[in-house]
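In: okay, predicted coordinates and the sequence, questions at the end:
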Amino acid sequence: MNLPARFLALTLLFVSTAALAGPAVLFFPVLGRPDGVVLQGRVLKEAPSRGSSVLSRNLRRLTAPNWEGAPVEVSFQGVTAAVKSGHDGNFEVNLKPHPGTSFPTGFAVAEAKVSGVTAQTRVEVVPDTTPFLVISDFDDTLAVTQVVKPAKLMESALLKDSDTQEVVPGMAAFYGCLKIPGTPSFALVSGSPVQFVPRIATFLTRNAFPSFGMYLRDLGPGTLSNYKQPAIRRLMNQFPQQVVLVGDSGEKDPEVYQQIREEFPGRVKAIYIRDAGRTEDKERFTDMVLFKDAGEAAAHAVKSGLADASCVSEAFPSPATTAEKTAP
């Protein structure tokens, strides 16, 4: 959730009320390459307990204290490295395969250990044959959070969870049909706080989205704006594939994606923007696909050679086709 700056101060009021347990590790799912995988996470000095309500769980997620200088052992596919967490509890390790070898492509599990606590996360090692990457926003692109309405945004951030957050209809089916020529890999670059990684991961699984590498925002004064561009640039530099960018019109996705398209000429295959309001200025969406319904985006993707026509036809049947199927 793109939480407003004033919310940072508000959450501090609840730190003393959060029931806390022992340390924990937030370990983020990522995309990697056969020649290297960059693993990221955060160490919490005291892990938030589950809480008795959605509100208390979300507040405890956001206010759990970070552990600076925690000794972390990270391992993947037989390669291990030791690192200490930074001032914000974050750690990052760039693991390389053993000399003369490569990491096997596909999905595998990475592990992080600190003070007797073990966390695991999913890594997708992306082969060079993967046709393209889908870099997606979350709020009002995959989940309905109504960012343009501050009261609704706060309600979504604090009073919703993975099982009550409303999904944007059709987006999972749209992403599932993006498979020509071959299946793409997916990265989630979002203003939602890193503390919500477990919540968002559960939401994506519950709503049948494909597997994502997740690159969320580290809340703080330095990330109030321009927080998506560095993450997208890093992905663009890490992977040789062209990309499809998907976001919404509620905030700055069109401007961010236009900037990326200019910085990486020829690398952006298409930009899809869901209509979430603030669409009066049509120049914001130049050479982009502005859509209200996921079926519109899917139909465009078929014409552009990005989606499987039979999959889209099945997922988004026309009224005539629906009538034929329901006719006696």
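Out: Okay, I see it.

In: which helix or strand contains the most centrally placed residue in the chain?
Out: Nearest to the mean C-alpha position of the chain, by Cα atoms, centre = their mean, lies residue 188 at 2.4 Å. Residue 188 belongs to strand 185-193 when elements are defined using DSSP states H and E.

In: and that strand, average pLDDT?
Out: In this model, strand 185-193 has a mean pLDDT of 96.

In: how far does the helix or strand following it sit from its chain's centre?
Out: The helix or strand immediately downstream of strand 185-193 is helix 197-206, counting by DSSP H and E. Mean-position distance between helix 197-206 and its chain equals 10 Å (Cα atoms, centre = their mean, to the nearest Å).

In: how about the helices in the stretch 201-328 of the chain?
Out: Counting by DSSP state H, counting those that start in this stretch, the stretch 201-328 of the chain has helices at residues 228-238, 253-263, 294-303, 309-315, 319-326.

In: out of these, deepest packed?
Out: Most buried of the helices of the stretch 201-328 of the chain by mean neighbour count (mean count of other Cβ atoms under 10 Å) is helix 294-303; its value is a mean of 20. Heads up, the C-betas are built off the backbone N, CA and C, glycines and all.

In: against residue 25, how distant is residue 45?
Out: In this view, residue 45 and residue 25 are 11 Å apart by Cβ to Cβ, to the nearest Å.

In: ok, now which ones touch the closest residue to the residue nearest to the centre of the chain other than its chain neighbours?
Out: Spatial nearest neighbour of residue 188, chain neighbours left out: residue 212 (4.3 Å); criterion: Cβ to Cβ, 6 or more residues apart in numbering. Shown in contact with residue 212 (Cβ atoms under 8 Å, 6 or more residues apart in numbering): 29, 136, 186-188, 204.

In: just these now: which is nearest residue 250?
Out: Minimum distance to residue 250 across the contacts of residue 212 is 14.4 Å, recorded for residue 136 (Cβ to Cβ).

In: I'd guessed the closest one sits against residue 186; true?
Out: Yes: if you go by Cβ atoms under 8 Å, residue 136 and residue 186 touch, sitting 6.5 Å apart.

In: joint contacts of these two?
Out: Common contact partners of residue 136 and residue 186 (Cβ under 8 Å, 6+ apart): 175, 212.

In: where's residue 55, which helix or strand?
Out: Counting by DSSP H and E, the element that carries residue 55 is helix 54-63.
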